[in-house]
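Participant: Prediction below, plus the sequence it came from.
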Amino acid sequence: MTTVSRGLWVRYGGDPITREQVEFAAQHYAVALVQPGEREAARQLKELNPNIIVLAYKCLSSARRYEESAPYTSGVSYSEAEAQGWFARRLNGDKIEWNGYWGHYQMRVWDASYRSRWTQNVVEEIADSPFDGVLADNDIYGDYYGLNFPLEGAESIEVVHRGLDALISEAGEALNARGKILVPNIAESRRDEGKWERHSAYGGGFEEVFLGWGPNEFLDANSSVAQIKQMMPSPQANLRNFMQGEQAQGEGRLTLLRASTDGDLQHPNFLMALAAFWIFGGGQWSAVTAGAHDAHNDTPWVEELAWDLGQPTGPIEGALGIYGRSFEKGWAAVNLTDQVSPALNFPGSGHANGTISIPPHQGMLVQAQDDGGLIIARRFDLQ
């Protein structure tokens, strides 16, 4: 029996996927992101759960020296990049290995021939596969890997931005033409108005640092709202329209979210992300998860991922980083600030006349039961 789930399985670590993980994932997740070499796992997932969406990992921006045979995690192999001259280079001619990622070398994403071959290779590999499409990683915004501009042919990171814009458009159109989707891992869309809308146009988008960078490193409330707004259908909408019930990302597009934790499934960031997922997505976003940095080999799961709160029964309520929303089958609230929230009202709480205060950077869910009772999910003590 497959669980109705809002769970996202980010499983593109280096360890092989086991049969036990396949069976668990098919029962528990809505979307799976796996390595391109896991074609058999993808086939098994689709066989066990025809509704699960399975995407193959591909890097937009690098080639990997340690990969000796196909399928590659990049769109071109290291040897092909070498032969064609597609490595980005410093002004002294040196290749650029990414800081913190041994064997990852930056590509000339601004080179039209690189983009064309990336697209050709990926489409040929994915078109007749069991994968539903591609998770395109490293749709970067900042200089995360020590590129240190200027480079040969790229005076600034804006040249990289333009190259990625073109690559996503070209690859997205080509994959869509073969019935597959492209879902970029879209970095820092809050800092580039409209980036989410542009880059998610071919199947959806993935926000890997939802609401913060680490277990204790959070976006401030304004930046969190700016990040969330980019996932709405009109990034230019002001917060008033946003809170009056504008629906989330357009029909047919995936909206995938991952929050950062220390790896503990009971870390409060998991429930904070899930509460925000319901409040701001209104039940329309696709899947969410949380985990430690670069921890992509496990099957993180909390029972609340299977909760169905139904459709919203009203707009988002609240202001200044503290928000709540009522649903047909429950209620959700989140505190995106670094201060304890004022007392919030929610129906039938049985606590302090139906009010509760939420600690900084935490969320809670309330699920209504058929017998009139409530189940409350929280990661903090009631005061």
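Facilitator: Okay, I see it. All of these numbers come straight from a predicted model, not from anything done at the bench.
Participant: Show me the helices in the stretch 1-150 of the chain, by range?
Facilitator: 19-28, 39-48, 78-84, 112-126 (DSSP state H, counting those that start in this stretch).
Participant: Let's have the ones you listed in a markdown table, adding distance to residue 96, mean neighbour count and mean pLDDT.
Facilitator: Heads up, the C-betas are built off the backbone N, CA and C, glycines and all. Below are those laid out as a markdown table (distance: least, Cβ to Cβ, whole Å; neighbours: other Cβ atoms under 10 Å; pLDDT from 0 to 100):
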| stretch | distance to residue 96 | mean neighbour count | mean pLDDT |
| --- | --- | --- | --- |
| helix 19-28 | 35 | 17 | 98 |
| helix 39-48 | 31 | 18 | 98 |
| helix 78-84 | 12 | 16 | 98 |
| helix 112-126 | 14 | 19 | 98 |
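Participant: List the contacts of the nearest residue to residue 218 once chain neighbours are set aside.
Facilitator: Nearest in space to residue 218, with sequence neighbours left out and distances taken as Cβ to Cβ, 6 or more residues apart in numbering, is residue 212 at 3.9 Å. For residue 212, the contact set (Cβ atoms under 8 Å, 6 or more residues apart in numbering) comprises 218, 219, 259, 260, 269, 361.
Participant: low pLDDT regions in this protein?
Facilitator: Low-confidence segments of the chain, defined by pLDDT under 70: 1-3, 233-251, 346-354, 383.
Participant: ok, longest helix in it?
Facilitator: In the chain, ranked by residue count with DSSP state H as the criterion, the top helix is helix 157-177.
Participant: That one: which residues count as buried?
Facilitator: Buried positions in helix 157-177, judged by neighbour count with 16 or more other Cβ atoms under 10 Å: 157, 159-161, 163-165, 167-172, 174-175.
Participant: Show me what the following helix or strand past it is packed against.
Facilitator: Sequence order places strand 181-186 as the next helix or strand after helix 157-177, per DSSP states H and E. With contacts defined as 3 or more Cβ pairs under 8 Å, 6 or more residues apart in numbering; DSSP states H and E, the packing partners of strand 181-186 are strand 133-139, helix 157-177, helix 195-199, strand 204-207, strand 254-260.
Participant: Need the contact partners of strand 181-186.
Facilitator: With contact meaning Cβ under 8 Å, 6+ apart, strand 181-186 is reached by 55, 60, 132-139, 168, 171-172, 175-176, 195-196, 199-200, 202-208, 254, 256.
Participant: Separate out the buried members of the residues you listed.
Facilitator: By neighbour count, with 16+ other Cβ under 10 Å, these hold 55, 60, 132-139, 168, 171-172, 175, 195-196, 199-200, 202-207, 254, 256 as buried.
Participant: Make TSV from the helices of the stretch 1-150 of the chain and add distance to residue 101 to it.
Facilitator: Below are the helices of the stretch 1-150 of the chain laid out as TSV (distance: least, Cβ to Cβ, whole Å):
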stretch	distance to residue 101
helix 19-28	25
helix 39-48	24
helix 78-84	14
helix 112-126	19
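Participant: so which of those helices gets nearest residue 282?
Facilitator: helix 19-28 (22.8 Å; Cβ to Cβ).
Participant: How about exporting that closest one as PDB, limited to the C-alpha atoms?
Facilitator: Included here for helix 19-28 are C-alpha records, laid out as PDB according to Å, rounded to 0.1, in the frame of the first residue of the first chain:
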ATOM      1  CA  ARG A  19      16.300  -3.100  -2.600                       C
ATOM      2  CA  GLU A  20      15.100  -2.200   0.900                       C
ATOM      3  CA  GLN A  21      15.500   1.500   0.100                       C
ATOM      4  CA  VAL A  22      13.600   1.100  -3.100                       C
ATOM      5  CA  GLU A  23      10.700  -0.600  -1.400                       C
ATOM      6  CA  PHE A  24      10.600   2.000   1.400                       C
ATOM      7  CA  ALA A  25      10.800   4.900  -1.100                       C
ATOM      8  CA  ALA A  26       8.100   3.600  -3.300                       C
ATOM      9  CA  GLN A  27       5.700   3.500  -0.300                       C
ATOM     10  CA  HIS A  28       6.700   6.800   1.300                       C
END
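Participant: To residue 228, which of the helices of the stretch 1-150 of the chain lies closest?
Facilitator: helix 19-28 (25.4 Å).
Participant: what's the closest one packed up against?
Facilitator: Helix 19-28 makes packing contacts with strand 8-11, helix 39-48 when contacts are defined by 3+ Cβ pairs under 8 Å, 6+ apart.
Participant: Including distance to residue 85, could these go into JSON lines?
Facilitator: Formatted as JSON lines, these follow (distance: least, Cβ to Cβ, whole Å):
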{"stretch": "strand 8-11", "distance to residue 85": "33"}
{"stretch": "helix 39-48", "distance to residue 85": "31"}
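Participant: and of these, who's closest to residue 147?
Facilitator: Of all those, it is strand 8-11 that lies closest to residue 147, at 25.1 Å by Cβ to Cβ.
Participant: That closest one pairs with which strands, parallel or anti?
Facilitator: With DSSP bridges as the test, strand 8-11 is paired with strand 31-34 (parallel).
Participant: May I see the contacts of residue 212 organised as a markdown table, with distance to residue 9 added?
Facilitator: A markdown table is the format used below for the contacts of residue 212 (distance: Cβ to Cβ, whole Å):
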| residue | distance to residue 9 |
| --- | --- |
| 218 | 24 |
| 219 | 24 |
| 259 | 15 |
| 260 | 17 |
| 269 | 18 |
| 361 | 25 |
